[in-house]
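Student: For reference, the sequence and a predicted model appear below.
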Amino acid sequence: MTIVGMGGRLAGVTLGLMLWLAPAAAADGTAPGALPAPPQAPTFTLADDHGVVHRFPSGEAGVDIYLFWATWCPYCKALMPHLQSMLDEYGGQVRVYAFDIRDDDGEPRTVLDEQGYDFVLLPKADAAAEIYGVLATPGIYLIDQSGRIRFNLYDLITGDDTAFEKLSHTRKAARRAPWWAAEIRRAVDRILAAEAGGASLAGAGQ
């Protein structure tokens, strides 16, 4: 991945997700073997390129996909068509928020329009990237209706063999993007299934 900078006020997000995956007793009394709740997403507001102010997390039903990207990032370019295909498939159940970062010379609106992407563009979103401790582009987070972080792309990043490391960034991106997209899609399906199950239980209790 392309490193864009260090720092951030949410250093515990990745660690929190790792702890979420660990089947251990939680301090809040969760039974041994049960999974503690995923970490809560930070709350903030940011205006899109049309001046509309959005509150994050949105709290809407379905899945919010936060994409931290830049127009010069080859990994972003390779992944973004897959995200658009998810919008086409899932319709209003999924939303993609494109947080443009470290991109002073780029034209993010032009890129989205030329490629036909239906993402909500948040320009000059470096402050949001700092909140999330974004280390590289693309950064991807999936947020559920309850405002919890259910997926973090950084958790998929592993060491690569020497042959892979010798490839250009464009070739690396072409190989990585389909895998990342498949994992994102699986996470979306899990979140939507969990929300549907919760709605069914709520209806049965009425």
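Tutor: Happy to help now that I have it. Just so you know, these numbers come straight off a predicted model, no measurement behind them. Residues are numbered from 1 along each chain as shown.

Student: Every contact and neighbour count from this point should use C-alpha atoms.
Tutor: Fine.

Student: This structure: strands as residue ranges?
Tutor: Using DSSP state E, the strands of the chain run over 2-3, 44-47, 53-56, 63-69, 94-100, 120-122, 136-137, 139-143, 149-152.

Student: Give me the buried positions along the longest helix anywhere in the chain.
Tutor: The residue-count maximum for a helix in the chain (DSSP state H) belongs to helix 169-204. Within helix 169-204, the residues that count as buried by 16 or more other C-alpha atoms under 10 Å are 169, 172-173, 176-177, 180-181, 184, 187-188, 191-192, 195.

Student: try stretch 93-110
Tutor: Val94, Arg95, Val96, Tyr97, Ala98, Phe99, Asp100, Ile101, Arg102, Asp103, Pro108, Arg109.

Student: Quick check, the fourth one in contact with Ile65.
Tutor: Yes: in this structure Tyr97 lies within contact range of Ile65 using C-alpha atoms under 8 Å: 6.1 Å.

Student: Pick out the residue nearest the middle of this structure.
Tutor: Tyr141 (2.0 Å; C-alpha atoms, centre = their mean).

Student: From Gly91, how far out is it?
Tutor: With distances taken as C-alpha to C-alpha, to the nearest Å, Tyr141 is found 19 Å from Gly91.

Student: repeat for Gln115
Tutor: Distance, Gln115 to Gly91, using C-alpha to C-alpha: 18 Å.

Student: One more: Arg102?
Tutor: The value you get for Arg102 to Gly91, if C-alpha to C-alpha is used, is 30 Å.
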